[in-house]
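In: Coordinates only, no sequence provided:
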């Protein structure tokens, strides 16, 4: 089995360099790298040249198409049996490809998705953002901690398919806005086996500020509605839970003026959730500071997603 690692990049040569360095250290060496320069004004040609003697690299500069279509173009020229799709802001543990190869062969997978984690040397904010995106207190663990791996919908920062899957399904149908979720649904509908591979995790080195993190979560909520254009049943009850959390949070000060009993119940529930986040994150990272930051990022993630989904549903209804 040979892997083709597909990496779209846009104005992030130094970020790409870190990822290529982690690829050069992989214990499994049967792979090539396909870098798609998606209309960047700051290209990565010097970085590609730097690693050309260490890695088997194809470099495809192109006009900007968006990450989904850029990945498609990379897969069209790839030579591997399996395509591993990564965002440029991830780093790979040394045995990533080895663990992935074993899982694919042992479980006879046609496609896969892997979780993300925070490396020990990440900043406190990066660790807090990772907590907000992966904790059962926020996303419910749907990004990598679910009990049934067959229910996983792969995310574009860390996913992969066999060459056959790409040829049959045609790849991404949208350049962005939930394109990974849409393709995951279509892959399963076509009868292919796509599952979560917990061992194939990546270190997701997000460059976000708190504001850009909230903005990204808002986009994720909107993206779920975009996916429903292709798959009408894509929005399920679980996707409305962040909206319910947002409405619940906003209702607390209202209850203070209207009903003391409801106020006490709601503030109690909110404190239980807040303490759960604080204790869970602080113990995970052995840092109260990261615990406090995780409360901020968790509030931001839930409320922003919870706002983005209904606003996009409303916009879609107005447009007809």
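Out: Received it, and whenever you're ready, just let me know what you need. Every value quoted in this text rests on a predicted model; they were computed, and no experiment measured them.
In: can you pull out the helices in this protein?
Out: Assignment of helices within the chain using DSSP state H yields the ranges 13-24, 45-51, 67-77, 96-107, 124-134, 163-169, 179-189, 210-230, 241-258, 260-285, 288-319.
In: The ones you listed: which one's closest to residue 152?
Out: The minimum distance between residue 152 and the helices of the chain falls on helix 179-189, with 7.9 Å, by CB to CB. To be clear about C-beta, it is placed using only N, CA and C from the backbone, and glycine gets the same treatment.
In: domains of the protein?
Out: With domains defined by automatic domain parsing, the chain comprises 3-114+152-207, 226-319.
In: Out of these, which is the most enclosed?
Out: Here the criterion is mean neighbour count by mean count of other CB atoms under 10 Å, and of these the winner is domain 3-114+152-207, at a mean of 19.
In: still on that earlier bit, out of the domains of the chain, nearest to residue 121?
Out: Within the domains of the chain, the stretch nearest residue 121 is domain 3-114+152-207; the backing value is 9.2 Å (CB to CB).
In: Between the two ends of that closest one, how far is it?
Out: Distance across domain 3-114+152-207, first residue to last, is 27 Å (CA to CA, to the nearest Å).
In: Next, format the helices of the chain as CSV and append mean pLDDT.
Out: As requested, the helices of the chain are arranged in CSV below (pLDDT from 0 to 100):
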stretch, mean pLDDT
helix 13-24, 97
helix 45-51, 96
helix 67-77, 98
helix 96-107, 98
helix 124-134, 96
helix 163-169, 98
helix 179-189, 97
helix 210-230, 96
helix 241-258, 96
helix 260-285, 97
helix 288-319, 96
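In: could you dump those helices to JSON lines with distance to residue 146?
Out: As requested, the helices of the chain are arranged in JSON lines below (distance: least, CB to CB, whole Å):
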{"stretch": "helix 13-24", "distance to residue 146": "26"}
{"stretch": "helix 45-51", "distance to residue 146": "35"}
{"stretch": "helix 67-77", "distance to residue 146": "24"}
{"stretch": "helix 96-107", "distance to residue 146": "16"}
{"stretch": "helix 124-134", "distance to residue 146": "11"}
{"stretch": "helix 163-169", "distance to residue 146": "21"}
{"stretch": "helix 179-189", "distance to residue 146": "13"}
{"stretch": "helix 210-230", "distance to residue 146": "17"}
{"stretch": "helix 241-258", "distance to residue 146": "15"}
{"stretch": "helix 260-285", "distance to residue 146": "17"}
{"stretch": "helix 288-319", "distance to residue 146": "18"}
